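Participant: 3D, please:
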Amino acid sequence: MIGRRIEITADLARVQVRRDGQLVADHDRIWAKHQTITDTEHEAAARALRRERIELVRPDPGGHVEPEVEVRCLADYDTALGLHDDDGRHDEDRHDDRRRPEEGDEWEVTA
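Facilitator: Residues are numbered from 1 along each chain as shown. All right, here's what the predicted structure looks like:
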């Protein structure tokens with residue numbers, strides 16, 4: 001009955017459950033405090049249904065395929081946004097210069 005509407009009626013001795021008017025469960029009423037009594041068959045069925053639901057909502061990570069995306073140069077975004085330095089070069093170009101200095105080059109450090 002997981003995920004379905006049911007009607008529950010209880011008196012001093014019994015608890016009855018109906019679905020669409022049909023009796024689907026009839027149990028002795030237990031008055032002990034702080035207890036949950038579950039039929040082991042019901043528990044196994046509920047666990048299987050939960051597992052199926054989780055698999056629908058969150059597919060198995062082993063079979064998950066990441067979407068393919070284009071990798072772009074960050075300077076392309078600077079160009080699209082009109083962000084250039086005074087000399088027309090992108091920040092990325094400046095970083096590339098620093099990564100590949102040649103012997104004898106002089107560097108000016110600015111803060």
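
Participant: tell me what the lengthiest helix in the chain is packed against?
Facilitator: If you go by DSSP state H, the chain has its longest helix at helix 40-57. With contacts taken as 3 or more CB pairs under 8 Å, 6 or more residues apart in numbering; DSSP states H and E, helix 40-57 sits against no other helix or strand. Where C-beta positions appear, they are placed from N, C-alpha and C, glycine not excepted.

Participant: now the helices for the protein?
Facilitator: 40-57, 74-81, 91-99.

Participant: With mean pLDDT, mean neighbour count and distance to Ile8 added, can I get the ones you listed in JSON lines?
Facilitator: Below are these laid out as JSON lines (pLDDT from 0 to 100; neighbours: other CB atoms under 10 Å; distance: least, CB to CB, whole Å):
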{"stretch": "helix 40-57", "mean pLDDT": "86", "mean neighbour count": "10", "distance to Ile8": "14"}
{"stretch": "helix 74-81", "mean pLDDT": "83", "mean neighbour count": "12", "distance to Ile8": "60"}
{"stretch": "helix 91-99", "mean pLDDT": "50", "mean neighbour count": "11", "distance to Ile8": "66"}
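
Participant: Mind putting those helices into TSV with distance to Ala10?
Facilitator: Shown next, in TSV, are those (distance: least, CB to CB, whole Å):
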stretch	distance to Ala10
helix 40-57	17
helix 74-81	65
helix 91-99	71
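
Participant: closest one to His27 among these?
Facilitator: helix 40-57 (10.6 Å; CB to CB).

Participant: picking that back up, of the helices of the chain, which is nearest Val17?
Facilitator: helix 40-57 (10.9 Å).

Participant: Distance of Val57 relative to Ala48?
Facilitator: 15 Å (CB to CB, to the nearest Å).

Participant: For burial, what's the neighbour tally of Arg4?
Facilitator: 8 (other CB atoms under 10 Å).

Participant: Touching, it and Val17? I think so.
Facilitator: No. The pair Arg4 and Val17 fails to qualify as a contact (CB atoms under 8 Å) at a distance of 10.5 Å.

Participant: And the protein, what are its domain boundaries?
Facilitator: 7-32+39-60, 70-100 (automatic domain parsing).
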